[in-house]
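Asker: here is my input; please provide its structure:
(one chain, ligands or ions: 2)
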Amino acid sequence: MSKILVTGGAGYIGTHTLVALAEAGFESVVIDDFSNSKPEALRRVSALAGREIPVMRADLRDAEALRRTFSEHTFDAVIHFAGLKAVGESVRIPLRYYDNNLVSTVRLLEAMEEHGCRRLVFSSSATVYGDPASLPLREEAPLSATSPYGRTKLMIEEMLRDLARASALKNDPPEGAWRIDALRYFNPVGAHESGQIGEDPNGVPNNLFPYLSQVAVGRLPELTVYGSDYPTPDGTGVRDYLHVMDLAEGHVAAVRHLLDESLPAPFAEAINLGTGSGISVVQAIRAFESASGKSIPVRVSERRPGDVAACYADPSKAARMLGWTARRNLAAMCEDTWRWQSRNPSGYA
Ligand code: NAD
Ligand code: WQD
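Answerer: Ligands and ions are numbered 1, 2, ... in the order given. Okay, here's the model as predicted:
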């Protein structure tokens, strides 16, 4: 059975991916410092997966902790979720983001080199496309970032491409060469169909779906719609919302891609994970109302600084390279978010 190290496995996308990995027959080990998650999330994952998932509570910047983990286990691949992700906070406290996201990635890559594990799935983001010049977004589109958070993703992608280049220069044999998939996620939403795990942000949510669901459950009074004068069909922002279980299955497909020894290596591929469809804020509100049976009070305000009008993927590279396409629709995203939120009104607390 292949063994996967999952950094940041206690977080939103990590927990769902652990369930998908277990279903696909992979063994996982988690490293997380619980800076943005709770141990309860992993207890529920173990129950869903039907087996205990070993957890190392550590900051990835701690080289000694990484060394211990890599000496105790032999990993076939690493999925690297750990990082800070709040765009607005990264503008206010940029050094926290550069320190956490960049230093932890360098330490992890060093440990992987040291222990001869050179297969990596990295959590990149559609934020690396900045303000898109044309849609849908293909992987070759120009890259730019509008926040320190986005710049950490761009810098890490460059770091990964450099590793693959260095591997080629050294003429590493195929089994020892870097194989990297940097997955550019669009907007992950939803929850596991069981309602046992889901997104549990600290404080007031920044993102649309957790905000919507907290209004529906009565934790927040109303939703603020940021801008209704965008050049989109109904004037509100358009995004490519993607069910988190589809995203989780995308990671399983990427791990299989990295383990495919028939592929020439080294490589460092950037791959979009999205549905390819754009949904507006108004469409998302309507779909959420119909899934939850609750009406969502709304107030329209100014545009949120840094937001783009529209952003959606061309997901054809993922279909071609990973054999992956998103299967779940907007109704399922809303129903599963609601099942999680209504059964766990205070999240994991
Ligand atoms: P999350 O905050 O729920 O999970 C991240 C996990 O990493 C948390 O459990 C946190 O405790 C842990 N962590 C953070 N810094 C750490 C460190 N130094 N050492 C050890 N553990 C650490 O976030 P998520 O939504 O699951 O996102 C996972 C990854 O995907 C992140 O890298 C994020 O930037 C990226 N991403 C997320 C989205 C999104 O909308 N959720 C979109 C695109 C990309
Ligand atoms: C979606 C739409 C808002 C909240 C962010 C990050 C991005 C990525 C995913 C990590 C927009 C509107 C939102 C609200 C609203 N994360 N909105 N009222 O901004 O596309 O992407 O998360 O990589 O980097 O920037 O997602 O969910 O915040 O917003 O009207 O209370 O909903 O204006 O049009 P976004 P979002």
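Asker: what sits closest to the residue in the chain that ligand 1 sits nearest to if chain neighbours are left out?
Answerer: Nearest to ligand 1 in the chain, going by Cβ to the nearest ligand atom, is Gly11, at a distance of 1.9 Å. Using the backbone N, CA and C atoms, a C-beta is placed for each residue, glycine as well. Spatial nearest neighbour of Gly11, excluding adjacent residues (Cβ to Cβ, 6 or more residues apart in numbering): Ser37 at 4.8 Å.
Asker: buried residues in stretch 276-290?
Answerer: 276-285, 287-288 (16 or more other Cβ atoms under 10 Å).
Asker: now name the helix or strand holding Ala270.
Answerer: strand 267-273 (DSSP states H and E).
Asker: parallel or antiparallel, which strands does that strand pair with?
Answerer: Applying DSSP bridges, strand 267-273 is found paired with strand 179-185 (parallel).
Asker: wait, does the strand it pairs with contact ligand 1?
Answerer: Yes - under the criterion of Cβ under 6 Å from any ligand atom, strand 179-185 makes contact with ligand 1 via Tyr185.
Asker: what's in contact with that strand?
Answerer: 13, 118-126, 128-129, 139, 156-157, 160, 163-164, 242, 247, 250-251, 254, 257-258, 263, 265-274, 313, 322 (Cβ atoms under 8 Å, 6 or more residues apart in numbering).
Asker: thinking again about what came up before, the residue nearest to Gly11 touches Ala10, doesn't it?
Answerer: Yes - with contacts counted by Cβ atoms under 8 Å, Ser37 reaches Ala10, the gap being 3.8 Å.
Asker: excluding its backbone neighbours, what's nearest Leu60?
Answerer: Spatial nearest neighbour of Leu60, excluding adjacent residues (Cβ to Cβ, 6+ apart): Ser104 at 3.6 Å.
Asker: that neighbour in helix, strand or coil?
Answerer: helix (DSSP: H, G, I helix; E, B strand; the rest coil).
Asker: picking that back up, cross the contacts of strand 179-185 against strands and list the overlap.
Answerer: Among these, DSSP state E puts 119-125, 242, 267-273 in strands.
Asker: where do the strands of this structure begin and end?
Answerer: Counting by DSSP E, the strands of the chain are 3-7, 27-32, 55-57, 77-80, 119-125, 179-185, 187-189, 223-226, 238-239, 241-243, 267-273, 279-280, 298-301, 310-311.
Asker: columns distance to Met112 and mean pLDDT on top of these, output as a markdown table?
Answerer: Converted to a markdown table, the strands of the chain look like this (distance: least, Cβ to Cβ, whole Å; pLDDT from 0 to 100):
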| stretch | distance to Met112 | mean pLDDT |
| --- | --- | --- |
| strand 3-7 | 9 | 99 |
| strand 27-32 | 12 | 98 |
| strand 55-57 | 15 | 98 |
| strand 77-80 | 6 | 99 |
| strand 119-125 | 7 | 98 |
| strand 179-185 | 10 | 99 |
| strand 187-189 | 25 | 98 |
| strand 223-226 | 40 | 98 |
| strand 238-239 | 33 | 98 |
| strand 241-243 | 27 | 98 |
| strand 267-273 | 13 | 98 |
| strand 279-280 | 37 | 98 |
| strand 298-301 | 45 | 98 |
| strand 310-311 | 31 | 98 |
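Asker: output the ones you listed as a markdown table; include the columns distance to ligand 2.
Answerer: Below are the strands of the chain laid out as a markdown table (distance: least, Cβ to the nearest ligand atom, whole Å):
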| stretch | distance to ligand 2 |
| --- | --- |
| strand 3-7 | 16 |
| strand 27-32 | 18 |
| strand 55-57 | 24 |
| strand 77-80 | 14 |
| strand 119-125 | 3 |
| strand 179-185 | 7 |
| strand 187-189 | 5 |
| strand 223-226 | 4 |
| strand 238-239 | 5 |
| strand 241-243 | 8 |
| strand 267-273 | 12 |
| strand 279-280 | 8 |
| strand 298-301 | 8 |
| strand 310-311 | 6 |
